[in-house]
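> quick one, what's the 3D model for this:
(one chain, ligands or ions: 1)
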Amino acid sequence: MDFLDKLVLPQSLEHIALLHYMATIVLFLFVPFLSLVLGGSIISFYFKRKGLREPNDHFILFSKQVIEYTTFTKGAGVTLGVVPLVALILIYAQILHNLKLLTVSLFVVALILIIVGLIFIYTYRYSWVFKSFLSSVKFDERENEFTTFANNVARVNRKSGYWGIIFLLLGSYFFIGGINLALNPSDWDATGILYLLTSFSVFVKWLHFFTAALSLTGAFLLFIFFFWEGGKEIADQKYKAFIKKTGLAITLFFALFQPLLLLINLIALPSIALSSSVFGFVVISLFAVFWVFHLLYAMLKNSELRYSGMVFLLLVVASLTLIISEQASFRNVTKTQALVLSAEYAVTLKELKGEPMGITAISGADIFNGRCSACHKFDQKLVGPPYKETLSKYNGDVDKLAAFVLNPTKINPAYPPMPNQGLKPAEAKAIAKYILEEVKKYK
Ligand code: HEC
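A predicted model of the protein is given here:
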(Lines give C-alpha, C1' and ligand atoms only; values in the text may rest on other atoms or scores of the structure.)
Protein backbone atom coordinates (compact mmCIF):
# COMPACT_ATOMS: atom_id res chain seq x y z
CA MET A 1 0.00 0.00 0.00
CA ASP A 2 2.71 2.40 -0.99
CA PHE A 3 0.29 4.97 -2.26
CA LEU A 4 -1.43 5.21 1.13
CA ASP A 5 1.95 5.58 2.76
CA LYS A 6 2.80 8.50 0.50
CA LEU A 7 -0.49 10.10 1.30
CA VAL A 8 0.10 10.47 5.03
CA LEU A 9 2.35 12.96 6.77
CA PRO A 10 4.45 12.40 9.87
CA GLN A 11 2.61 13.41 13.03
CA SER A 12 3.40 14.94 16.38
CA LEU A 13 3.35 12.76 19.50
CA GLU A 14 0.04 14.25 20.64
CA HIS A 15 -1.53 13.49 17.31
CA ILE A 16 -0.29 9.91 17.42
CA ALA A 17 -1.75 9.46 20.91
CA LEU A 18 -5.05 10.75 19.55
CA LEU A 19 -4.87 8.26 16.67
CA HIS A 20 -4.63 5.41 19.16
CA TYR A 21 -7.76 6.62 20.95
CA MET A 22 -9.57 6.87 17.65
CA ALA A 23 -8.49 3.37 16.70
CA THR A 24 -9.92 2.11 20.00
CA ILE A 25 -13.27 3.77 19.39
CA VAL A 26 -13.43 2.54 15.80
CA LEU A 27 -12.70 -1.01 16.98
CA PHE A 28 -15.44 -0.67 19.61
CA LEU A 29 -17.91 -0.28 16.73
CA PHE A 30 -16.41 -2.67 14.26
CA VAL A 31 -15.46 -5.74 16.28
CA PRO A 32 -18.83 -6.31 18.03
CA PHE A 33 -20.66 -5.69 14.76
CA LEU A 34 -18.51 -8.12 12.79
CA SER A 35 -18.91 -10.63 15.64
CA LEU A 36 -22.70 -10.44 15.59
CA VAL A 37 -23.03 -10.60 11.81
CA LEU A 38 -20.62 -13.51 11.54
CA GLY A 39 -22.07 -15.37 14.55
CA GLY A 40 -25.63 -14.63 13.45
CA SER A 41 -25.02 -15.85 9.89
CA ILE A 42 -23.47 -19.10 11.06
CA ILE A 43 -26.20 -19.83 13.60
CA SER A 44 -28.95 -18.89 11.15
CA PHE A 45 -27.46 -20.95 8.34
CA TYR A 46 -26.93 -23.95 10.61
CA PHE A 47 -30.55 -24.00 11.77
CA LYS A 48 -31.85 -23.44 8.27
CA ARG A 49 -30.08 -26.57 7.05
CA LYS A 50 -31.28 -28.45 10.09
CA GLY A 51 -34.81 -27.23 9.46
CA LEU A 52 -34.75 -28.47 5.87
CA ARG A 53 -33.71 -31.93 6.97
CA GLU A 54 -35.85 -32.35 10.07
CA PRO A 55 -39.53 -31.54 10.15
CA ASN A 56 -39.47 -28.98 12.91
CA ASP A 57 -40.86 -25.50 12.31
CA HIS A 58 -38.87 -24.06 15.18
CA PHE A 59 -35.56 -24.42 13.34
CA ILE A 60 -36.67 -22.47 10.30
CA LEU A 61 -38.37 -19.75 12.31
CA PHE A 62 -35.33 -19.42 14.57
CA SER A 63 -32.97 -19.23 11.57
CA LYS A 64 -35.00 -16.40 10.11
CA GLN A 65 -35.27 -14.43 13.33
CA VAL A 66 -31.57 -14.83 14.15
CA ILE A 67 -30.37 -13.31 10.89
CA GLU A 68 -32.93 -10.55 11.16
CA TYR A 69 -31.85 -9.49 14.66
CA THR A 70 -28.09 -9.86 14.28
CA THR A 71 -27.82 -7.83 11.06
CA PHE A 72 -29.94 -4.92 12.36
CA THR A 73 -30.66 -2.90 9.21
CA LYS A 74 -28.93 -2.63 5.86
CA GLY A 75 -27.49 0.73 6.93
CA ALA A 76 -25.68 -0.93 9.84
CA GLY A 77 -23.50 -2.83 7.38
CA VAL A 78 -22.12 0.47 6.15
CA THR A 79 -21.98 2.51 9.35
CA LEU A 80 -20.71 -0.23 11.66
CA GLY A 81 -18.91 -2.47 9.18
CA VAL A 82 -17.44 -0.58 6.26
CA VAL A 83 -16.87 2.96 7.55
CA PRO A 84 -14.99 1.93 10.72
CA LEU A 85 -12.71 -0.40 8.77
CA VAL A 86 -11.86 2.35 6.27
CA ALA A 87 -11.10 4.68 9.19
CA LEU A 88 -8.93 2.00 10.78
CA ILE A 89 -6.94 1.61 7.58
CA LEU A 90 -6.19 5.35 7.52
CA ILE A 91 -5.26 5.40 11.21
CA TYR A 92 -2.90 2.44 10.94
CA ALA A 93 -1.35 3.89 7.76
CA GLN A 94 -0.41 6.98 9.76
CA ILE A 95 0.90 5.18 12.83
CA LEU A 96 2.93 2.70 10.77
CA HIS A 97 4.12 5.31 8.26
CA ASN A 98 7.36 4.27 6.50
CA LEU A 99 7.64 0.95 8.32
CA LYS A 100 6.70 -1.06 5.24
CA LEU A 101 4.92 -3.85 7.06
CA LEU A 102 1.92 -5.60 5.60
CA THR A 103 -0.73 -4.65 8.15
CA VAL A 104 -2.38 -1.96 6.07
CA SER A 105 -2.46 -4.20 2.98
CA LEU A 106 -4.02 -7.00 4.99
CA PHE A 107 -6.67 -4.57 6.24
CA VAL A 108 -7.44 -3.48 2.68
CA VAL A 109 -7.94 -7.10 1.58
CA ALA A 110 -10.07 -7.65 4.70
CA LEU A 111 -12.16 -4.64 3.75
CA ILE A 112 -12.87 -6.00 0.28
CA LEU A 113 -13.70 -9.49 1.56
CA ILE A 114 -15.94 -8.12 4.29
CA ILE A 115 -17.82 -5.83 1.89
CA VAL A 116 -18.50 -8.80 -0.42
CA GLY A 117 -19.45 -10.94 2.59
CA LEU A 118 -21.87 -8.30 3.89
CA ILE A 119 -23.54 -7.98 0.48
CA PHE A 120 -24.11 -11.75 0.45
CA ILE A 121 -25.36 -11.81 4.03
CA TYR A 122 -27.83 -8.97 3.51
CA THR A 123 -29.03 -10.73 0.36
CA TYR A 124 -29.46 -13.86 2.46
CA ARG A 125 -31.41 -11.92 5.03
CA TYR A 126 -33.76 -10.24 2.57
CA SER A 127 -34.28 -13.37 0.48
CA TRP A 128 -35.71 -14.90 3.67
CA VAL A 129 -38.51 -12.37 3.52
CA PHE A 130 -39.37 -13.39 -0.04
CA LYS A 131 -38.95 -17.02 0.69
CA SER A 132 -41.39 -17.06 3.56
CA PHE A 133 -43.82 -14.91 1.62
CA LEU A 134 -43.72 -17.27 -1.36
CA SER A 135 -44.07 -20.39 0.73
CA SER A 136 -47.18 -18.93 2.30
CA VAL A 137 -48.82 -18.65 -1.12
CA LYS A 138 -50.44 -21.85 -2.27
CA PHE A 139 -50.21 -22.41 -5.95
CA ASP A 140 -50.46 -25.10 -8.52
CA GLU A 141 -47.33 -27.27 -8.61
CA ARG A 142 -47.19 -27.73 -12.36
CA GLU A 143 -45.04 -25.61 -14.69
CA ASN A 144 -45.81 -22.47 -12.96
CA GLU A 145 -43.82 -19.27 -13.14
CA PHE A 146 -44.27 -18.87 -9.46
CA THR A 147 -42.71 -22.22 -8.74
CA THR A 148 -39.63 -21.36 -10.76
CA PHE A 149 -39.41 -18.02 -9.07
CA ALA A 150 -39.80 -19.56 -5.64
CA ASN A 151 -37.08 -22.09 -6.45
CA ASN A 152 -34.78 -19.32 -7.59
CA VAL A 153 -35.34 -17.40 -4.40
CA ALA A 154 -34.62 -20.52 -2.37
CA ARG A 155 -31.38 -20.98 -4.30
CA VAL A 156 -30.29 -17.36 -3.84
CA ASN A 157 -31.07 -17.74 -0.18
CA ARG A 158 -28.97 -20.88 0.15
CA LYS A 159 -26.02 -19.66 -1.90
CA SER A 160 -25.85 -16.18 -0.47
CA GLY A 161 -25.84 -17.50 3.08
CA TYR A 162 -23.08 -19.94 2.27
CA TRP A 163 -20.83 -17.49 0.40
CA GLY A 164 -21.50 -14.72 2.87
CA ILE A 165 -20.14 -16.87 5.68
CA ILE A 166 -17.07 -17.90 3.65
CA PHE A 167 -16.21 -14.30 2.77
CA LEU A 168 -16.75 -13.03 6.32
CA LEU A 169 -14.56 -15.82 7.70
CA LEU A 170 -11.79 -14.98 5.23
CA GLY A 171 -12.18 -11.25 5.84
CA SER A 172 -11.96 -11.71 9.59
CA TYR A 173 -8.81 -13.80 9.14
CA PHE A 174 -7.08 -11.06 7.16
CA PHE A 175 -8.24 -8.48 9.67
CA ILE A 176 -6.92 -10.42 12.66
CA GLY A 177 -3.72 -11.14 10.70
CA GLY A 178 -3.17 -7.40 10.24
CA ILE A 179 -3.81 -6.66 13.92
CA ASN A 180 -1.49 -9.46 15.01
CA LEU A 181 1.31 -8.50 12.63
CA ALA A 182 1.35 -4.93 13.95
CA LEU A 183 1.97 -6.33 17.45
CA ASN A 184 4.96 -8.47 16.46
CA PRO A 185 7.93 -6.46 15.18
CA SER A 186 9.95 -9.64 14.62
CA ASP A 187 7.54 -10.47 11.76
CA TRP A 188 7.52 -7.01 10.20
CA ASP A 189 9.56 -8.06 7.21
CA ALA A 190 7.14 -10.93 6.49
CA THR A 191 5.72 -10.79 3.02
CA GLY A 192 2.59 -11.97 1.35
CA ILE A 193 -0.05 -14.42 2.27
CA LEU A 194 2.52 -16.87 3.59
CA TYR A 195 2.52 -14.98 6.86
CA LEU A 196 -1.19 -15.60 7.35
CA LEU A 197 -0.91 -19.26 6.50
CA THR A 198 2.09 -20.05 8.64
CA SER A 199 1.72 -17.89 11.72
CA PHE A 200 0.44 -19.87 14.67
CA SER A 201 -0.25 -16.71 16.67
CA VAL A 202 -2.58 -15.42 13.93
CA PHE A 203 -4.50 -18.68 14.06
CA VAL A 204 -4.90 -18.61 17.84
CA LYS A 205 -5.89 -14.97 17.81
CA TRP A 206 -8.44 -15.60 15.11
CA LEU A 207 -9.79 -18.63 17.01
CA HIS A 208 -10.17 -16.38 20.00
CA PHE A 209 -12.08 -13.84 17.93
CA PHE A 210 -14.25 -16.53 16.37
CA THR A 211 -15.25 -18.25 19.61
CA ALA A 212 -15.81 -14.91 21.34
CA ALA A 213 -17.98 -13.83 18.40
CA LEU A 214 -20.22 -16.89 18.72
CA SER A 215 -20.46 -16.59 22.47
CA LEU A 216 -21.36 -12.92 22.15
CA THR A 217 -23.98 -13.74 19.52
CA GLY A 218 -25.54 -16.40 21.75
CA ALA A 219 -25.75 -13.89 24.57
CA PHE A 220 -27.11 -11.25 22.21
CA LEU A 221 -29.93 -13.61 21.18
CA LEU A 222 -30.86 -14.31 24.80
CA PHE A 223 -30.77 -10.56 25.38
CA ILE A 224 -33.00 -9.73 22.39
CA PHE A 225 -35.50 -12.54 22.92
CA PHE A 226 -35.83 -12.33 26.68
CA PHE A 227 -34.60 -8.99 27.98
CA TRP A 228 -34.65 -6.08 25.58
CA GLU A 229 -37.87 -4.08 25.96
CA GLY A 230 -39.20 -6.79 28.24
CA GLY A 231 -38.44 -9.55 25.73
CA LYS A 232 -40.34 -10.73 22.67
CA GLU A 233 -43.86 -12.03 22.92
CA ILE A 234 -43.51 -15.73 22.28
CA ALA A 235 -46.82 -17.53 22.57
CA ASP A 236 -45.47 -20.97 21.79
CA GLN A 237 -43.93 -22.20 25.04
CA LYS A 238 -42.07 -24.99 23.30
CA TYR A 239 -40.42 -22.50 20.96
CA LYS A 240 -39.51 -20.33 23.90
CA ALA A 241 -37.86 -23.27 25.66
CA PHE A 242 -36.02 -24.13 22.46
CA ILE A 243 -34.60 -20.59 22.12
CA LYS A 244 -33.55 -20.55 25.71
CA LYS A 245 -31.80 -23.88 25.52
CA THR A 246 -30.07 -23.06 22.23
CA GLY A 247 -29.01 -19.56 23.28
CA LEU A 248 -27.59 -20.78 26.57
CA ALA A 249 -25.78 -23.68 24.93
CA ILE A 250 -24.10 -21.47 22.31
CA THR A 251 -23.11 -18.79 24.81
CA LEU A 252 -21.71 -21.25 27.33
CA PHE A 253 -19.95 -23.58 24.93
CA PHE A 254 -18.00 -20.82 23.18
CA ALA A 255 -17.37 -18.86 26.38
CA LEU A 256 -15.55 -21.89 27.78
CA PHE A 257 -12.71 -21.34 25.30
CA GLN A 258 -12.17 -17.71 26.30
CA PRO A 259 -9.87 -17.87 29.35
CA LEU A 260 -7.43 -20.31 27.77
CA LEU A 261 -7.23 -18.58 24.38
CA LEU A 262 -6.87 -15.23 26.08
CA LEU A 263 -3.90 -16.46 28.09
CA ILE A 264 -2.21 -18.07 25.08
CA ASN A 265 -2.55 -14.79 23.21
CA LEU A 266 -1.08 -12.87 26.11
CA ILE A 267 1.91 -15.21 26.31
CA ALA A 268 2.46 -14.94 22.56
CA LEU A 269 2.95 -11.15 22.79
CA PRO A 270 6.55 -9.95 22.50
CA SER A 271 7.91 -8.48 25.73
CA ILE A 272 8.01 -4.92 24.37
CA ALA A 273 4.24 -5.10 23.92
CA LEU A 274 3.62 -5.71 27.61
CA SER A 275 2.89 -3.15 30.28
CA SER A 276 0.79 -2.94 33.41
CA SER A 277 -2.21 -1.54 31.54
CA VAL A 278 -2.08 -4.45 29.09
CA PHE A 279 -2.26 -6.88 32.02
CA GLY A 280 -4.81 -4.78 33.88
CA PHE A 281 -7.35 -4.86 31.07
CA VAL A 282 -6.80 -8.56 30.44
CA VAL A 283 -7.58 -9.21 34.11
CA ILE A 284 -10.82 -7.19 33.88
CA SER A 285 -11.78 -9.15 30.78
CA LEU A 286 -11.11 -12.48 32.48
CA PHE A 287 -13.09 -11.38 35.48
CA ALA A 288 -16.08 -10.52 33.27
CA VAL A 289 -15.93 -13.94 31.60
CA PHE A 290 -15.87 -15.77 34.93
CA TRP A 291 -18.83 -13.74 36.10
CA VAL A 292 -20.62 -14.82 32.92
CA PHE A 293 -19.97 -18.48 33.81
CA HIS A 294 -21.49 -17.88 37.18
CA LEU A 295 -24.64 -16.27 35.76
CA LEU A 296 -25.04 -18.90 33.04
CA TYR A 297 -24.86 -21.58 35.68
CA ALA A 298 -27.62 -19.85 37.63
CA MET A 299 -29.70 -19.58 34.46
CA LEU A 300 -29.31 -23.26 33.70
CA LYS A 301 -30.11 -24.32 37.22
CA ASN A 302 -33.07 -22.11 38.03
CA SER A 303 -34.44 -21.52 34.55
CA GLU A 304 -33.84 -17.85 35.22
CA LEU A 305 -34.00 -15.58 32.22
CA ARG A 306 -33.58 -12.23 33.89
CA TYR A 307 -29.77 -12.49 33.81
CA SER A 308 -29.84 -12.38 29.99
CA GLY A 309 -29.17 -8.65 29.96
CA MET A 310 -26.27 -8.93 32.39
CA VAL A 311 -24.62 -11.80 30.53
CA PHE A 312 -24.67 -9.86 27.29
CA LEU A 313 -23.40 -6.71 28.97
CA LEU A 314 -20.53 -8.58 30.63
CA LEU A 315 -19.47 -10.19 27.37
CA VAL A 316 -19.49 -6.77 25.71
CA VAL A 317 -17.31 -5.48 28.55
CA ALA A 318 -14.98 -8.47 28.11
CA SER A 319 -14.60 -7.66 24.40
CA LEU A 320 -14.10 -3.93 24.88
CA THR A 321 -11.47 -4.35 27.60
CA LEU A 322 -9.59 -6.73 25.31
CA ILE A 323 -9.67 -4.12 22.57
CA ILE A 324 -8.26 -1.52 24.98
CA SER A 325 -5.56 -3.94 26.07
CA GLU A 326 -4.71 -4.74 22.47
CA GLN A 327 -4.37 -1.03 21.61
CA ALA A 328 -2.17 -0.53 24.67
CA SER A 329 0.18 -3.25 23.38
CA PHE A 330 0.14 -1.68 19.94
CA ARG A 331 1.12 1.61 21.51
CA ASN A 332 3.97 0.00 23.41
CA VAL A 333 5.26 -1.70 20.31
CA THR A 334 5.22 1.50 18.24
CA LYS A 335 6.73 3.76 20.90
CA THR A 336 10.01 4.30 19.05
CA GLN A 337 8.18 4.62 15.77
CA ALA A 338 6.15 7.43 17.35
CA LEU A 339 9.39 9.21 18.35
CA VAL A 340 10.76 8.81 14.84
CA LEU A 341 7.57 10.20 13.32
CA SER A 342 7.47 13.16 15.63
CA ALA A 343 11.13 13.93 14.88
CA GLU A 344 10.23 13.88 11.19
CA TYR A 345 7.22 16.00 11.94
CA ALA A 346 9.42 18.67 13.54
CA VAL A 347 11.57 18.75 10.40
CA THR A 348 8.56 18.92 8.08
CA LEU A 349 7.06 21.70 10.14
CA LYS A 350 10.23 23.77 9.91
CA GLU A 351 10.42 23.18 6.19
CA LEU A 352 6.81 24.24 5.76
CA LYS A 353 7.42 27.42 7.69
CA GLY A 354 10.55 28.04 5.60
CA GLU A 355 12.67 28.31 8.74
CA PRO A 356 16.36 27.52 8.66
CA MET A 357 17.13 24.20 10.25
CA GLY A 358 18.89 25.85 13.15
CA ILE A 359 22.37 25.19 11.86
CA THR A 360 24.42 28.22 11.07
CA ALA A 361 28.03 27.17 11.07
CA ILE A 362 28.83 23.83 9.56
CA SER A 363 30.25 22.40 12.72
CA GLY A 364 29.99 18.67 13.19
CA ALA A 365 29.54 19.06 16.94
CA ASP A 366 26.66 21.51 16.51
CA ILE A 367 24.91 19.32 14.00
CA PHE A 368 25.32 16.35 16.29
CA ASN A 369 23.89 18.19 19.27
CA GLY A 370 21.16 19.82 17.26
CA ARG A 371 20.08 17.01 14.99
CA CYS A 372 21.40 13.59 15.97
CA SER A 373 21.72 13.44 19.74
CA ALA A 374 17.96 13.06 20.22
CA CYS A 375 18.30 9.57 18.76
CA HIS A 376 21.98 8.67 19.02
CA LYS A 377 24.67 8.31 21.61
CA PHE A 378 28.12 6.97 20.93
CA ASP A 379 28.02 4.16 23.43
CA GLN A 380 24.35 3.61 24.20
CA LYS A 381 21.23 2.62 22.36
CA LEU A 382 18.62 5.38 22.15
CA VAL A 383 16.10 5.46 19.32
CA GLY A 384 18.94 4.56 16.97
CA PRO A 385 21.90 2.21 17.53
CA PRO A 386 25.04 3.43 19.33
CA TYR A 387 27.63 4.81 16.90
CA LYS A 388 30.23 2.59 18.55
CA GLU A 389 28.50 -0.41 16.99
CA THR A 390 27.62 0.94 13.56
CA LEU A 391 30.49 3.15 12.47
CA SER A 392 33.25 0.54 12.24
CA LYS A 393 31.83 -0.78 8.96
CA TYR A 394 32.45 2.61 7.33
CA ASN A 395 36.18 2.18 7.90
CA GLY A 396 36.71 5.92 8.22
CA ASP A 397 35.11 6.57 4.82
CA VAL A 398 33.58 10.04 5.27
CA ASP A 399 31.85 10.10 1.88
CA LYS A 400 30.18 6.75 2.34
CA LEU A 401 28.86 7.76 5.75
CA ALA A 402 27.76 11.16 4.47
CA ALA A 403 25.85 9.38 1.71
CA PHE A 404 23.96 7.35 4.31
CA VAL A 405 23.16 10.43 6.39
CA LEU A 406 21.89 12.26 3.31
CA ASN A 407 19.75 9.35 2.31
CA PRO A 408 19.25 6.84 5.14
CA THR A 409 18.28 3.35 4.02
CA LYS A 410 16.73 0.60 6.11
CA ILE A 411 19.52 -1.43 7.70
CA ASN A 412 18.86 -3.21 10.95
CA PRO A 413 15.45 -4.90 11.39
CA ALA A 414 15.70 -4.41 15.16
CA TYR A 415 15.35 -0.65 14.64
CA PRO A 416 12.84 1.58 12.91
CA PRO A 417 14.18 3.22 9.76
CA MET A 418 16.12 6.44 10.34
CA PRO A 419 14.24 9.50 9.10
CA ASN A 420 15.99 11.74 6.62
CA GLN A 421 17.46 14.69 8.50
CA GLY A 422 17.26 17.07 5.55
CA LEU A 423 20.93 18.08 5.72
CA LYS A 424 22.85 19.71 2.92
CA PRO A 425 25.77 17.71 1.43
CA ALA A 426 28.36 19.90 3.16
CA GLU A 427 26.61 19.44 6.48
CA ALA A 428 26.42 15.70 6.01
CA LYS A 429 30.13 15.61 5.34
CA ALA A 430 30.86 17.69 8.43
CA ILE A 431 28.80 15.48 10.71
CA ALA A 432 30.25 12.32 9.17
CA LYS A 433 33.77 13.57 9.78
CA TYR A 434 32.88 14.58 13.33
CA ILE A 435 31.34 11.30 14.45
CA LEU A 436 34.03 9.20 12.79
CA GLU A 437 36.60 11.19 14.75
CA GLU A 438 34.65 11.15 18.05
CA VAL A 439 33.83 7.47 17.99
CA LYS A 440 37.54 6.63 18.32
CA LYS A 441 37.31 7.78 21.94
CA TYR A 442 34.89 4.93 22.68
CA LYS A 443 37.03 2.03 21.54
C1 HEC B 1 14.61 10.29 14.89
C2 HEC B 1 15.73 9.56 15.28
C3 HEC B 1 17.05 9.71 14.56
C4 HEC B 1 17.75 10.86 14.29
C5 HEC B 1 17.32 12.29 14.62
C6 HEC B 1 18.97 10.45 13.68
N7 HEC B 1 19.02 9.08 13.55
FE8 HEC B 1 20.56 8.00 12.80
N9 HEC B 1 19.49 6.32 13.09
C10 HEC B 1 18.24 6.25 13.64
C11 HEC B 1 17.76 4.89 13.58
C12 HEC B 1 16.42 4.40 14.09
C13 HEC B 1 18.80 4.14 12.98
C14 HEC B 1 18.78 2.66 12.65
C15 HEC B 1 18.34 2.53 11.21
C16 HEC B 1 18.41 1.15 10.67
O17 HEC B 1 19.18 0.33 11.18
O18 HEC B 1 17.70 0.89 9.70
C19 HEC B 1 19.87 5.06 12.71
C20 HEC B 1 21.10 4.68 12.17
C21 HEC B 1 22.14 5.54 12.00
C22 HEC B 1 23.45 5.13 11.60
C23 HEC B 1 23.90 3.69 11.35
C24 HEC B 1 23.86 3.37 9.89
C25 HEC B 1 24.37 1.98 9.60
O26 HEC B 1 25.05 1.85 8.57
O27 HEC B 1 24.09 1.07 10.37
C28 HEC B 1 24.21 6.23 11.51
C29 HEC B 1 25.66 6.33 11.15
C30 HEC B 1 23.36 7.35 11.86
N31 HEC B 1 22.13 6.89 12.14
C32 HEC B 1 23.77 8.67 11.87
C33 HEC B 1 22.94 9.73 12.19
C34 HEC B 1 23.34 11.11 12.10
C35 HEC B 1 24.71 11.59 11.69
C36 HEC B 1 22.27 11.85 12.51
C37 HEC B 1 22.16 13.35 12.61
C38 HEC B 1 22.41 14.10 11.40
C39 HEC B 1 21.21 10.95 12.84
N40 HEC B 1 21.64 9.68 12.61
C41 HEC B 1 19.96 11.34 13.28
C42 HEC B 1 17.50 7.29 14.16
C43 HEC B 1 17.86 8.61 14.08
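> so which strand or helix has the closest residue in space to residue 383 that isn't next to it in sequence?
Nearest residue to residue 383, sequence neighbours excluded (C-beta to C-beta, 6 or more residues apart in numbering): residue 375, at 3.9 Å. For the C-beta atoms, the positions are set from N, CA and C on the backbone; glycine is no exception. Using DSSP states H and E, residue 375 is not contained in any helix or strand.
> got the phi/psi numbers for residue 375?
Per-residue torsions, residue 375: phi -120, psi -20 (degrees, to the nearest 10).
> also residue 73?
phi -120, psi 170.
> burial count for it?
11 (other C-beta atoms under 10 Å).
> the one 10 residues further on too?
Residues within reach of residue 83, counting by other C-beta under 10 Å, total 14.
> so where is this protein shaky, pLDDT-wise?
Scanning the chain for pLDDT under 70 picks out 1-3, 136-143, 354-362.
> got the residues of it near the ligand?
340, 343, 367, 371-372, 374-376, 383-385, 390, 404-405, 410-412, 415-419, 421, 423, 431, 435 (C-beta under 6 Å from any ligand atom).
> separate out the buried members of these.
340, 343, 367, 371-372, 375-376, 383-385, 390, 405, 415-419, 421, 423, 431, 435 (16 or more other C-beta atoms under 10 Å).
> buried residues in stretch 289-301?
In terms of neighbour count (16+ other C-beta under 10 Å), stretch 289-301 has its buried residues at 289, 291, 292, 293, 295, 296, 299.
> centre of the chain to it, how far?
Centroid separation for stretch 289-301 versus its chain: 29 Å, with C-alpha atoms, centre = their mean, to the nearest Å.
> secondary structure element for the residue nearest the centre of the chain?
Nearest to the mean C-alpha position of the chain, by C-alpha atoms, centre = their mean, lies residue 179 at 4.5 Å. Per DSSP H and E: residue 179 is located in helix 145-183.
> residue 223 and residue 311 touch, don't they?
Yes - checked against C-beta atoms under 8 Å, the pair residue 223 and residue 311 is within contact range at 7.5 Å.
> compare these two and say which is more crowded by neighbours.
Per other C-beta under 10 Å, whichever of residue 223 and residue 311 has more neighbours is residue 311, with 30 against 23.
> just the helices in the stretch 201-350 of the chain please.
Assigned helices in the stretch 201-350 of the chain, in chain order: 237-255, 258-268, 276-302, 308-333, 335-353 (criterion: DSSP state H, counting those that start in this stretch).
> deepest in the core, which of those helices is it.
helix 308-333 (a mean of 21; mean count of other C-beta atoms under 10 Å).
> other SSEs contacting that helix?
Other elements packing on helix 308-333 under the criterion 3 or more C-beta pairs under 8 Å, 6 or more residues apart in numbering; DSSP states H and E are helix 13-53, helix 145-183, helix 200-226, helix 237-255, helix 276-302.
> so for residue 327, which of the ones you listed sits nearest?
Nearest to residue 327 among those is helix 13-53 (4.8 Å), distances taken as C-beta to C-beta.
> centre of the chain to that closest one, how far?
Taking C-alpha atoms, centre = their mean, one finds the center of helix 13-53 at 10 Å from the center of the full chain.
> that helix: what's the following helix or strand?
Next along the chain from helix 13-53, counting by DSSP H and E, comes helix 57-70.
> now that next one: buried residues?
58-70.
> quick one: contacts of it?
Applying C-beta atoms under 8 Å, 6 or more residues apart in numbering, the contact partners of helix 57-70 are 36-37, 39-41, 43-48, 50-52, 121, 124-125, 128, 132, 217, 220-221, 224, 238-239, 242-243, 246.
> please list only the buried members of those residues.
36-37, 39-41, 43-48, 51, 121, 124-125, 128, 217, 220-221, 224, 239, 242-243, 246.
> so what's residue 115 up against?
Shown in contact with residue 115 (C-beta under 8 Å, 6+ apart): 81, 82.
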